[in-house]
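Chemist: Show me how the following folds:
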Amino acid sequence: RLLLSIKADLENVTNLLPENDAFEFFFQVKCNSCHETHPNVVSMNRLEERDTSGGKGNTAHFVWRCGFCRRESSAKFDPASPVQAYTADSSGKFAPCVVLDCRGLEFTGFEPRGTWKCEGTNSGMKFTEVNLEGEGEWVDYDEKASLPVSVMAVEGQWSRA
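Modeler: Numbering: from 1, shown residues only. Okay, here's the model as predicted:
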């Protein structure tokens, strides 16, 4: 089991979360058998499950066959650990985001691509189109609180759960 913790600099926003369960998480993956890192970033979401070759009815959110040693590996989101919101109190510090159950692989990198959501710290105004593509930064204006809002410098860190 691996825990992805994230860190971001939040300005006047809180409760940063992926937009929905179909959100694609983008990770760098490494084979635990031959220790080779896949050259491309891979993605997975909480809705799609794929069959594994481990027997009838075995599924995972991510199934991968290493291009070097040909070993099949898989990963699943831990159903007991929903994605946790990144709050203003954690701004600038790593905080838990999501737990994955990994078999034969480990994730070594994280890219915060895709659409996230958050809300104004003072106003509660909902921001549903927080796009972190490209620079991994988002800026807007909270009209209810008359304040600039931003999500900057998003990073990920992996540890054992």
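Chemist: how about Ala75, what does it touch?
Modeler: 44, 60-62, 100-103, 105, 107 (CB atoms under 8 Å, 6 or more residues apart in numbering). C-betas here are computed from N, CA, C, even on glycine.
Chemist: Out of those, list just those in helices.
Modeler: If you go by DSSP state H, the contacts of Ala75 have nothing in helices.
Chemist: could I get the residues you listed as CSV with neighbour count, distance to Ala75 and pLDDT?
Modeler: Shown next, in CSV, are the contacts of Ala75 (neighbours: other CB atoms under 10 Å; distance: CB to CB, whole Å; pLDDT from 0 to 100):
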residue, neighbour count, distance to Ala75, pLDDT
Met44, 25, 7, 95
Ala60, 23, 6, 93
His61, 18, 6, 95
Phe62, 23, 4, 95
Leu100, 24, 5, 96
Asp101, 17, 7, 95
Cys102, 19, 5, 95
Arg103, 15, 7, 93
Leu105, 25, 6, 96
Phe107, 21, 7, 96
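Chemist: And these, which is closest to Phe94?
Modeler: Nearest to Phe94 among those, counting by CB to CB, is Phe107 at 15.3 Å.
Chemist: check contacts around the closest residue to that closest one other than its chain neighbours.
Modeler: In this structure, Phe107 finds its nearest non-sequential neighbour in Phe27, 4.2 Å apart by CB to CB, 6 or more residues apart in numbering. Contacts for Phe27 (CB under 8 Å, 6+ apart) come out as 41-44, 107-111.
Chemist: so where do the strands sit in this protein?
Modeler: 2-11, 13-18, 25-31, 42-44, 50-51, 59-60, 62-65, 72-77, 95-103, 105-111, 115-120, 126-131, 138-142, 147-160 (DSSP state E).
Chemist: Many thanks, we can stop here.
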